[in-house]
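Colleague: no FASTA, just this:
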């Protein structure tokens, strides 16, 4: 009987901290040896000339999720997870969306049912909280956190999802008390509605004007306000899908100031721009997302902020709506831009785009790629006890990347349930050719090797706030406020 079930030989390994050459051995579901001259294995994969990297963790995606207006995303947990796997991911963390009037218990039961029988990769959930009732705040959220769902998302825009400042403070206080992370869609709702109204009133309602309807200041104002509110109670937050240099700078300054804040950006803000929305007919609707695409100068600014560490997380924000009446054109064949479903597909291309344009072109190191692919996400979202690194004792989640593979992006070659990709025609160098999840090969020879339900739910641990810098507001500090303890 061989010592190992699987051994990967000859490749270059990268973690968030280092790059080195060694073999990796797997027994059961875990990595059990890393080094040279390891023992025999039932199966040996030769990775010579290739990179052996942690399986990606896609931590911002909308799969089999109803929007606030009732539109279902095009991907269910099967097609979405298959697409993720072909893009080098072994774990996804989509959203379980609470709409007003729903209990979190019912929401989580629904999403567990959707994912458990379909997902081919491991998964967890972020809760979307839109109705923070007393029961939600003091019973349901603590229970969800106890069950391993240790992050939730709130919106500062969208009439059916928005929470006000007081509700945000309530949610932040719960997050701090129970060791959870709050993700924030930060845009100023009033500014967007005002600008959209002015554009539509003057006849500027084509899809391309969506890019003007979400001003840069709407993002930076909301980011600044969110950080101020969270900083008041010293709660950890993550600002999602940052699209502007001004917003990124606020995050960087807040971190320098000792605030518990993380930043995320997405490939659309690095590889696409608003000029591409000027298309005939309704085709610009394919590129409507929020925050919107910005100009070419903003693309370079977002790249710089990714390179310098202002953004710790890089996610696809995969929100697949087909270019038909089920998706983008749900409100009719020629809707004004405010009625177009917002979101872009990208779960399969997130990592290949970054590998090709980032690592292969010398913009980031291989270790930085590994951190953005998985390591940072695992640490921030409480999965690093199992996921995110090629390390002894971790799950054997591994993607083997071939730097010699060259592809031209074509929607027909992708594995989501979409009828287009915004990255059509882009040339990509480097691709994950073998993907391994918990020791089992799930992608090989451009074929899926597992069936529906191969993925497992991953409970996540809480955030260790003692390891993060921070400072509570003096009005909430019993040492400075006449001894008043509000038990936050």
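Modeller: Received, thanks. On a predicted model such as this, the values are computed, not experimentally measured, just so you know.
Colleague: find the centremost residue of this protein, please.
Modeller: Centroid-nearest residue in the chain: residue 60, 2.4 Å away (criterion: C-alpha atoms, centre = their mean).
Colleague: I'd say it and residue 343 touch.
Modeller: No: when contacts are counted by C-beta atoms under 8 Å, residue 60 is not listed as touching residue 343 (11.4 Å). Using the backbone N, CA and C atoms, a C-beta is placed for each residue, glycine as well.
Colleague: joint contacts of the two?
Modeller: Counting by C-beta atoms under 8 Å, 6 or more residues apart in numbering, the contacts common to residue 60 and residue 343 are 317-318.
Colleague: and residue 313, backbone torsions?
Modeller: Dihedral pair for residue 313: phi -120, psi 140, per degrees, to the nearest 10.
Colleague: check the burial of it by counting its neighbours.
Modeller: Residue 313 is flanked by 25 other residues according to other C-beta atoms under 10 Å.
Colleague: which strands or helices does the longest helix along the chain pack on?
Modeller: In the chain, taking DSSP state H as the definition, the longest helix is helix 216-233. With contacts taken as 3 or more C-beta pairs under 8 Å, 6 or more residues apart in numbering; DSSP states H and E, helix 216-233 sits against helix 165-178, helix 189-201, strand 237-239, helix 245-256, strand 261-265.
Colleague: show the average pLDDT along stretch 251-261.
Modeller: Across stretch 251-261, pLDDT averages out at 95.
Colleague: repeat that for stretch 61-70.
Modeller: Mean predicted confidence for stretch 61-70 is 94.
Colleague: what about the closest residue in space to residue 454 that isn't next to it in sequence, distance to residue 313?
Modeller: With sequence-adjacent residues excluded and distances taken as C-beta to C-beta, 6 or more residues apart in numbering, residue 454 is closest to residue 120, at 4.8 Å. Here the criterion is C-beta to C-beta, to the nearest Å. By it, residue 120 lies 23 Å from residue 313.
Colleague: tell me if I'm right that residue 416 and residue 76 touch.
Modeller: No: with contact defined as C-beta under 8 Å, residue 416 does not count as touching residue 76 (10.4 Å).
Colleague: neighbour-wise, which of these two wins?
Modeller: residue 416 (26 against 17).
Colleague: so the more buried one belongs to a helix, correct?
Modeller: No: counting by DSSP: H, G, I helix; E, B strand; the rest coil, residue 416 is not part of a helix but coil.
Colleague: how about it, what does it touch?
Modeller: So residue 416 contacts 74-75, 79-80, 83, 318, 320, 345, 347-348 (C-beta under 8 Å, 6+ apart).
Colleague: hang on, the earlier thing: distance of the residue nearest to the centre of the chain relative to residue 151?
Modeller: Residue 60 is 10 Å from residue 151, by C-beta to C-beta.
Colleague: kindly report the same for residue 210.
Modeller: 28 Å.
Colleague: ok, now residue 259?
Modeller: 18 Å.
Colleague: let me have the helices and strands packed on helix 216-233 in TSV, extended by mean neighbour count and distance to residue 271.
Modeller: Shown next, in TSV, are these (neighbours: other C-beta atoms under 10 Å; distance: least, C-beta to C-beta, whole Å):
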stretch	mean neighbour count	distance to residue 271
helix 165-178	19	32
helix 189-201	16	24
strand 237-239	26	20
helix 245-256	20	17
strand 261-265	24	11
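Colleague: name the SS class of residue 111, please.
Modeller: Assignment for residue 111 (three-state DSSP): helix.
Colleague: hmm, back to that, phi first, then psi, for the residue nearest to the centre of the chain.
Modeller: phi -150, psi 90.
Colleague: contacts only, for the nearest residue to it once chain neighbours are set aside.
Modeller: Nearest residue to residue 60 in three dimensions, chain neighbours excluded: residue 315, at 3.4 Å (C-beta to C-beta, 6+ apart). When contacts are counted by C-beta under 8 Å, 6+ apart, residue 315 is found next to 58-61, 240-241, 264, 266, 350, 377.
Colleague: for residue 370, state which of those residues is nearest.
Modeller: Within those, the smallest distance to residue 370 is 10.9 Å, found for residue 377 (C-beta to C-beta).
Colleague: now that closest one: how far from residue 352?
Modeller: Noted for residue 377: a distance of 17 Å to residue 352, by C-beta to C-beta.
Colleague: also residue 45?
Modeller: Residue 45 is 20 Å from residue 352, by C-beta to C-beta.
Colleague: okay, those two: which has more neighbours?
Modeller: Between residue 45 and residue 352, counted using other C-beta under 10 Å, the more crowded position is residue 352 (24 against 21).
Colleague: what's the burial count for the nearest residue to the more buried one once chain neighbours are set aside?
Modeller: With sequence-adjacent residues excluded and distances taken as C-beta to C-beta, 6+ apart, residue 352 is closest to residue 428, at 5.1 Å. Neighbours of residue 428 under the rule other C-beta under 10 Å: 18.
Colleague: work out for me the element residue 428 sits within.
Modeller: Here residue 428 is covered by strand 427-437, with elements defined by DSSP states H and E.
Colleague: which helices and strands does the next helix or strand after that strand pack with?
Modeller: In the C-terminal direction, the helix or strand that comes right after strand 427-437 (DSSP H and E) is strand 440-444. In terms of contacts (3+ C-beta pairs under 8 Å, 6+ apart), strand 440-444 is packed against helix 77-86, strand 427-437.
Colleague: so can I have a markdown table of these showing distance to residue 249?
Modeller: Shown next, in a markdown table, are the helices and strands packed on strand 440-444 (distance: least, C-beta to C-beta, whole Å):
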| stretch | distance to residue 249 |
| --- | --- |
| helix 77-86 | 32 |
| strand 427-437 | 30 |
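Colleague: need the winner for burial among those.
Modeller: helix 77-86 (a mean of 28; mean count of other C-beta atoms under 10 Å).
Colleague: next, the buried residues of stretch 109-128.
Modeller: 111, 114-115, 118-128 (16 or more other C-beta atoms under 10 Å).
Colleague: contact partners of stretch 208-225?
Modeller: Contacts for stretch 208-225 (C-beta under 8 Å, 6+ apart): 156-157, 165, 186-188, 191-192, 195-196, 199, 204, 239, 242-244, 246-247, 250-251, 274, 277-279, 284, 288, 290-294, 337-338, 340.
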